[in-house]
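**Q** could you look at this predicted model? Sequence included:
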Amino acid sequence: MPVEPLSQKELEDRLAGLPGWSLDGDRLTRSYRLGSHFAATAMVVHIARVQEELDHHSDLTLGYNTVSLSVHTHSAGGAVTAKDVELARRVEDLAPGHGAH
Ligand SMILES: C[C@H](O)[C@H](O)[C@H]1CNC2=NC(N)=NC(=O)C2=N1
């Protein structure tokens, strides 16, 4: 099913409900800090599972006690869409369980 780019107004409204997330060019991004490298690795695996479930995939980076996401929608020409916001929302929901902030 095709997904449409969000308008500037829609983007601003959705970002207001996603503290910590921001736009970097045409990508939705956020970085999290975790208590250990192993905790960060477990969060990456959890996010990967959600991404498979949603069939929507971020560029997901594991750093030293950090996890970073950068996502846009390839099939919408690289724009930010509701699918990116949905993924961000799901990651926000799972982050506290990993002690991520
Ligand atoms: C065939 C498959 O559904 C598509 O390639 C999906 C997979 N994951 C995706 N992820 C992202 N970020 N954008 C897409 O357009 C996209 N498309």
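**A** Noted; the coordinates are in hand.

**Q** pLDDT at the residue most central in space within the chain, what is it?
**A** By Cα atoms, centre = their mean, the chain has its centre lying nearest to A88, at 3.8 Å. On the pLDDT scale, A88 is placed at 98.

**Q** one more: P2?
**A** Per-residue pLDDT puts P2 at 75.

**Q** for it, what are its contacts?
**A** Going by Cβ atoms under 8 Å, 6 or more residues apart in numbering, P2 touches S75, A76. Yep, even glycine has a C-beta here, placed from its N, CA and C like the rest.

**Q** got it, and R14?
**A** R14 makes contacts with L6, V85, as judged by Cβ under 8 Å, 6+ apart.

**Q** give me every residue in this protein lying close to the ligand.
**A** Residues of the chain found near the ligand (Cβ under 6 Å from any ligand atom) are D55, H56, H57, V71, T73, H74, S75.

**Q** what about the first one, how many residues nearby?
**A** Here the neighbour count serves as a burial measure; for D55 (other Cβ atoms under 10 Å) it reads 7.

**Q** what about it, distance to L87?
**A** The gap separating D55 from L87 is 10 Å, by Cβ to Cβ, to the nearest Å.

**Q** same thing with the fourth one?
**A** Applying Cβ to Cβ, one obtains 6 Å for the distance of V71 from L87.

**Q** can you pull the residues that touch both of these two?
**A** Common neighbours of V71 and L87, using Cβ under 8 Å, 6+ apart, are H56, S58.

**Q** so what's the spatially closest residue to H98 that is not a sequence neighbour up against?
**A** Spatially, and ignoring its direct neighbours in sequence, H98 is nearest to M43 (4.2 Å; Cβ to Cβ, 6 or more residues apart in numbering). Contacts for M43 (Cβ under 8 Å, 6+ apart) come out as Y32, L34, V67, L94, A95, H98, A100.
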